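1. dropping a prediction and its sequence here:
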Amino acid sequence: MFKKQNPEVGARPGTLAIPPDSPPPRITVVQYDAAGVERRQIEDPRELAGLLEPERVTWVDVQGLGDEAVLRAIAAAFALHPLALEDAVNVPQRAKSELYAQHQLIIARTPLVQDDGLLTTPQVCFILGERYLLTFQERYFGFFDAVRGRLQAGLGPMRRLGPDYLAYALVDAMIDRYYPVAQSLSDQLEELEDVVVEHPHPEVLARIHLLRRKLVVLRRVGWPQREAISAMLRESSPFFADDHKLYLRDTHDHIAQIMELIDSAREMASDLAEAYLSNVSHRTNEIMKVLTLMASIFIPLTFVAGIYGMNFENMPELGSRAGYYIVLVVMVTIAVVMVVFFRRRGWIGNPPPPRLGADREDREG
Amino acid sequence: MFKKQNPEVGARPGTLAIPPDSPPPRITVVQYDAAGVERRQIEDPRELAGLLEPERVTWVDVQGLGDEAVLRAIAAAFALHPLALEDAVNVPQRAKSELYAQHQLIIARTPLVQDDGLLTTPQVCFILGERYLLTFQERYFGFFDAVRGRLQAGLGPMRRLGPDYLAYALVDAMIDRYYPVAQSLSDQLEELEDVVVEHPHPEVLARIHLLRRKLVVLRRVGWPQREAISAMLRESSPFFADDHKLYLRDTHDHIAQIMELIDSAREMASDLAEAYLSNVSHRTNEIMKVLTLMASIFIPLTFVAGIYGMNFENMPELGSRAGYYIVLVVMVTIAVVMVVFFRRRGWIGNPPPPRLGADREDREG
Amino acid sequence: MFKKQNPEVGARPGTLAIPPDSPPPRITVVQYDAAGVERRQIEDPRELAGLLEPERVTWVDVQGLGDEAVLRAIAAAFALHPLALEDAVNVPQRAKSELYAQHQLIIARTPLVQDDGLLTTPQVCFILGERYLLTFQERYFGFFDAVRGRLQAGLGPMRRLGPDYLAYALVDAMIDRYYPVAQSLSDQLEELEDVVVEHPHPEVLARIHLLRRKLVVLRRVGWPQREAISAMLRESSPFFADDHKLYLRDTHDHIAQIMELIDSAREMASDLAEAYLSNVSHRTNEIMKVLTLMASIFIPLTFVAGIYGMNFENMPELGSRAGYYIVLVVMVTIAVVMVVFFRRRGWIGNPPPPRLGADREDREG
Amino acid sequence: MFKKQNPEVGARPGTLAIPPDSPPPRITVVQYDAAGVERRQIEDPRELAGLLEPERVTWVDVQGLGDEAVLRAIAAAFALHPLALEDAVNVPQRAKSELYAQHQLIIARTPLVQDDGLLTTPQVCFILGERYLLTFQERYFGFFDAVRGRLQAGLGPMRRLGPDYLAYALVDAMIDRYYPVAQSLSDQLEELEDVVVEHPHPEVLARIHLLRRKLVVLRRVGWPQREAISAMLRESSPFFADDHKLYLRDTHDHIAQIMELIDSAREMASDLAEAYLSNVSHRTNEIMKVLTLMASIFIPLTFVAGIYGMNFENMPELGSRAGYYIVLVVMVTIAVVMVVFFRRRGWIGNPPPPRLGADREDREG
Amino acid sequence: MFKKQNPEVGARPGTLAIPPDSPPPRITVVQYDAAGVERRQIEDPRELAGLLEPERVTWVDVQGLGDEAVLRAIAAAFALHPLALEDAVNVPQRAKSELYAQHQLIIARTPLVQDDGLLTTPQVCFILGERYLLTFQERYFGFFDAVRGRLQAGLGPMRRLGPDYLAYALVDAMIDRYYPVAQSLSDQLEELEDVVVEHPHPEVLARIHLLRRKLVVLRRVGWPQREAISAMLRESSPFFADDHKLYLRDTHDHIAQIMELIDSAREMASDLAEAYLSNVSHRTNEIMKVLTLMASIFIPLTFVAGIYGMNFENMPELGSRAGYYIVLVVMVTIAVVMVVFFRRRGWIGNPPPPRLGADREDREG
């Protein structure tokens, strides 16, 4: 099973509903320009005020939401809109992109399979300003390690470009995480194909349904994601350079491909469920055939035996010397007729599966 | 079951179709500005005329629609368009937002589970003017208590902002009520999962259908709600400040999330119904196997016994000393052959459910 | 069953395909202004020429289409476009609204249950000019009686407003007629719910399908209606005052609500069909259980009896004094073992339906 | 079955893929104005050059595509765009309307039931110029006979209007041909309703599927047709007068109505298939009941008889004078108990179909 | 089965994920104008710089992606955008068309049935510049041989037109490849129709599902293709002449037709699966009938025989001379009654399939 990530919708505007088991915030500041990268932990959020530099990009990564005072201090330092702070804290939100006067808010969600096999979809909130990027995560996730490494190593154009490119790279890293999960679900479905034929146990159907439900969760989370990125591509934002939208277009292609993969997997799940039900029918059918065969052959024979088991005094056949043998011959005849009848109907013998012809696409060069 | 909240569509323009069991109106007037809140009951609707003040927001809450004269007096006091009054009174309406020259009309509906378990979806009609807000409710509902409390307590920016913010807060409070109902339906479906496997009784399917129908009701009520809020976001209204639309965008996200939850729950309901049917098939199958087994083993044996129960005078085997024992051995042999045949076909013994492999998403880090 | 109202599409432009059983036209002229209403029958269509007055609204209601000459005379008197006359006469048309240079054409269709239970959907064609309204009906329907009464009585603003308001009122009256039919179908489906459980006879499924087909007919007729009204709301027409569109918006809400009701009813029909099939399966299952039980208990017992019915001379048990009683004990033991086995599997006894927990939405306040 | 009319898509731009069995072109030229109509066959396509007259409309109808040289000569005479010629020759194309600089190309397809019952959907290509209309047909179809007759007879406004009106009239004639085919399929489905109940043979399901497939073919051909006409209504073409679009709007209504009829018929096909399967289940159920009844009554009785058929020496009952009669009474009692049990369960006797209440729509006036 | 062509989405921007088994690039340069065609292999990608000529079109075809250095050199020579190079190399991508400042990128995918029957959908990436076209293929495919031949032979207008026409011709060649594959799948489904009736083995259903899955793959690949071409038609590109869009419109029609064929085939697959399940039911039904018939006739008879096999001393019938014959008559009577009962119910004898009436579309001329 997977943990339900349903929204606590009831949060009132202006109230922060801190997730109950969220650890206290750990604030990491990364500042960089083409020349180099500087990185440090910050304990007191008041240090954030006056941190911004016009020449360098500032990335403040907040991991853990467990202290309202700290969060409010961060919001004050960056003059966040109250609704933006709420969206960052009151998880889960739908993936979306919203423009405010001072900044752009982006919510992205990514699948995470927990140690106990549960499928969760944690969110990250991005606040993208002119020269800074804030990211809020509910827990200490490792989603951004790879990007942080590339930033440190100076690979690619990341250090030369603004915080919007950084935001793109992080969102892209999150969306890349959909693929292996979707692929794994699709692979598991494919493996069930043989099991469905050979062991059509209700357990198998339950497994198909479980996989389908995980696909539904992925789809439910992924569609708003796709829409959000598509909206970012369309709308003109003062915070996201048009030149960098080429990259975002790429991310959009990825999530679109993943959604198509998920939809195909869902169709496969439906086919499997149908195949399962058909196999159960087929098995019932086979059992019926055996039952009918046994009953149809032996019931008449038993009846014949029953007749000559009657105790009438006057039954001439009983006295005849050949009577017994004649009856045996009659019985064998009846049995043979029955078997021939069933064989004609194709109920005896497992006929080889119908010849379906060679797989003939090859005729197309 | 749940009460049908179908429209009495037949109302003629200009006619008020007072709901027959609606209590007489109770009129509460709340006037506030940043400085304070004043609240009082009003008995005579004529007091409403001249009540509006340019500096303070006036909120007139009408609970109960059971007196046409009073309603018409209220409409006159605020110069309501006749169609707006009708929409307020002739419940139920679809959720919607309509602009009139003098005011904006908003219909919102929210799920309400009655004491007897019925699911109803009462409506509230909002008439939003320049400096006032009118709300019409069919009965004495408690939907607005929390907002009224926040207003009284002066929490948040509500007292500083106009009647449109108040309208937003009230609509938002109504939409927040969808979530626990949808979640409860979803939870109940989830609990049915085990029951479907262990007690596939038609009662269970009926329960699944009942839950699905409640989901359909929620969806039918919720979709126009979503559209209405989306329309309010798009259209430019003289009564709803653009700045406050940021908040409305939040409400739109909530209802969108709830609709997604409902859709997932409906898919789960379909899966459950399929699982139910599959389990019934499986059970039939199991029963068939036992029947076939018993019949196939004992019918031939009984036939053999029948043969030697015949009364032919000339049946040499009967006189043989070992005849009885030989027949017993033959019978045991037949039985063993049958059992082996059935075991090979996998019809005897409950094989352990197929190994489906460990839940393998964990391979994805 | 219901009469098929399929179009005779083949009509050539310029040809009038008079419905074969349509009675001769009965022409009623109503002229009104705020001051009063004048109403008279007209025999000779040539009287219509010169009838229009700039100050008064003229409503010409044509009931029956059975005389081409008369129809052409009417068309000439009002300078109707040839295609408009065709649409009026060549029933049935889809509901629609079309602008011509001289007038606007509106087709509306409404459900009508005939005396023999057939569901038909007759059409009315409205031709809306600057100062006049023409209505063409196939037969003498009573759809407009209520509106005519209100006009006569001077209720509401109708006499003060133009022919477009009259057209709105008449269309609205036709759309109001959908609701009771849809509601009745929905109610009938609801009543079938118990029948499906208690008497799953194919007749019930046929009834469900019949109701669903009627719903499909309503939907097929209602959707273009909705679109037509929605088009009238959007497009700017010289014949339909923008001020009166507020009223039309109301009509649009009604038809939208009705369509939602129909869609819910269709979902209910599908659920019912599924429940029906599930109940048939359940019954088969119950029957199977009894059969298996009887067969499994008595077939082995009969076999045992058969053994001691054999006529071997040397069967020591037969001579034993206690043999008979021992065999009886063995038989009882076999029977008891079988019953215990079946009881364990839950195949004996009708277990109470599974406890599904109290209906728990009530936990939500 | 019906012939597959699938496209030979592989045609290269610039290549004409003459349909292999297409007869040689027969070219008919019709020239007309309000004054009169002149019609003649043309043998040599070079005669076409210089044929156009500014005052008269020229309609060149080419029946048969079996001679590439002739086709290219026609194309040269009218300066056709190479792609337009291809679309005319390389059948089948989707229905469409395409604007070129020199002319407008319209492809229309219409259903044709061949003598052997196959459903084909031949196409006609219209090339509409300023003062001329070209039509290309694969074979000698009679689709245009009626229009040609009206043109000859001077009925309607056709001779006064341009080639666009002629094109409209011809397309309309082709679309009128959809209706009887769709209606016939719908009628055949309706007739199957009783057969499904009384003879649920797989043949019937195959028939339903065959009809559904024909409906799918009609739909696949009709949808692009609808879209094409809808596009012609929207786009402004120098070749199609806006005034004549009123007529086209009519054609659009026809095809829309037909599509709705087809969709209803497809829903009916699905219902029928469901009813078929349900009837098969019902029949199985009935058979099961009889089997269970017979087995359950007689198997215990046979067992009792078997007991007293045992040959134990010491069976006191056998010696009792009344023993035989007591056993007979016991047997009758068992049988009666069984019958009562089955009757209670409702398995004996064909209960009258459940009372479904009178068809109650009549309660709605 | 078919190879999964799922995306390795994880590629980071700026990284090239060379497909592991891709052979080293083989670079073919074709330069042509109306006068002639020059073609040569290039070993060193640095030769490409300075290759472009203003008067001639340059087509560089890169087959094989197995050497990153070479690919980067090509990209440098044509100043490709880094993202464009990635899209070319990191297969598979969705079909798409993207505008960059320097060039247009088009991704097309086409179905390819491998020798082992697997269905793959390799991609080709087109980079279309002002005077050049680059094509990147993963392997040595022969998709372009026909176009290359036409180019060489100077057929059609290709040599006179720019690189956009060449790109069109190549994309068109790729899309032409969909048709035979889709048609083959459709044909195979059609052939399964009889098999489904005569050999309803689960293998057949598995085959139907396999074909459906191939159709799903085609559809998943084809839809973005259709969208991409539709986008190219809409958007105005400096690289694709508007005049040549007429040709592209043709390609769009082809892919649209193919998608319709695929959708029809998918509906047929669903019908087949339903027919399969119905046939299995029908067979079970037939088997049940035989079983019930045999059991119902012989079980009562056996019971009668059992009665007179009892050993009661006082059974008067046994002493009667005619007793035996009377019992035989009784038995025959019972059997006859049973047979008549079953015949009445239609359970004996294979009634001829119901008369479904002649295929009656022919009544429509």
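-> Great, that's in hand. Numbering: from 1, shown residues only, chains lettered A, B, ... in the order given.
2. and residue A:115, what are its phi and psi?
-> phi -60, psi -30 (degrees, to the nearest 10).
3. does stretch A:194-212 reach chain C?
-> No: judged by Cβ under 8 Å from any Cβ of the partner chain, stretch A:194-212 stays clear of chain C, getting no closer than 14.7 Å. Placement of C-beta: from N, CA and C, glycine included.
4. can you tell me the SS state at the residue nearest the centre of chain A?
-> Residue closest to the average C-alpha location in chain A (Cα atoms, centre = their mean): residue A:215, at 3.1 Å. Classification of residue A:215 by DSSP: H, G, I helix; E, B strand; the rest coil places it in helix.
5. hang on, residue A:206 is in a helix, isn't it?
-> Yes: under three-state DSSP, residue A:206 falls within a helix.
6. pLDDT wise, what is residue A:364 at?
-> Residue-level confidence at residue A:364 comes out at 38, pLDDT.
7. one more: residue A:123?
-> Taking residue A:123 on its own, its pLDDT is 92.
8. how about the nearest residue to it, chain neighbours excluded?
-> residue A:109 (4.5 Å; Cβ to Cβ, 6 or more residues apart in numbering or on different chains).
9. while we're on that neighbour, how confident is the model there?
-> 94.
10. in the stretch 101-250 of chain A, which spans are strands?
-> A:104-109, A:112-113, A:119-120, A:123-128, A:132-137 (DSSP state E, counting those that start in this stretch).
11. in TSV: the ones you listed, plus mean neighbour count and distance to residue B:154.
-> Below are the strands of the stretch 101-250 of chain A laid out as TSV (neighbours: other Cβ atoms under 10 Å in any protein chain shown; distance: least, Cβ to Cβ, whole Å):
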stretch	mean neighbour count	distance to residue B:154
strand A:104-109	25	28
strand A:112-113	21	41
strand A:119-120	19	39
strand A:123-128	24	29
strand A:132-137	24	29
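12. any chance of the ones you listed in TSV, plus distance to residue C:280?
-> Formatted as TSV, the strands of the stretch 101-250 of chain A follow (distance: least, Cβ to Cβ, whole Å):
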stretch	distance to residue C:280
strand A:104-109	44
strand A:112-113	42
strand A:119-120	37
strand A:123-128	47
strand A:132-137	54
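13. measure the residue nearest to the centre of chain A to residue D:65 for me?
-> 50 Å (Cβ to Cβ, to the nearest Å).
14. and the residue nearest to residue A:123, how far is that from residue A:141?
-> From residue A:109 to residue A:141 the distance is 11 Å (Cβ to Cβ).
15. same check, this time on residue A:84
-> Counting by Cβ to Cβ - residue A:84 and residue A:141 are separated by 20 Å.
16. ok, these two, which is more surrounded?
-> residue A:84 (22 against 14; other Cβ atoms under 10 Å in any protein chain shown).
17. re earlier: now the common contact residues for residue A:109 and residue A:141.
-> A:122, A:124 (Cβ atoms under 8 Å, 6 or more residues apart in numbering or on different chains).
18. give me the neighbour count for the nearest residue to residue A:322 once chain neighbours are set aside.
-> With sequence-adjacent residues excluded and distances taken as Cβ to Cβ, 6+ apart, residue A:322 is closest to residue B:314, at 7.9 Å. Other residues near residue B:314 number 14, with proximity taken as other Cβ under 10 Å.
19. which secondary structure element contains residue B:314?
-> Using DSSP states H and E, residue B:314 sits in no helix or strand.
20. can you list the buried residues in stretch A:220-227?
-> A:220, A:221, A:222, A:223, A:224, A:225, A:226 (16 or more other Cβ atoms under 10 Å in any protein chain shown).
21. over to stretch A:153-173?
-> Buried-residue list, stretch A:153-173, by 16+ other Cβ under 10 Å: A:156, A:158-159, A:161-173.
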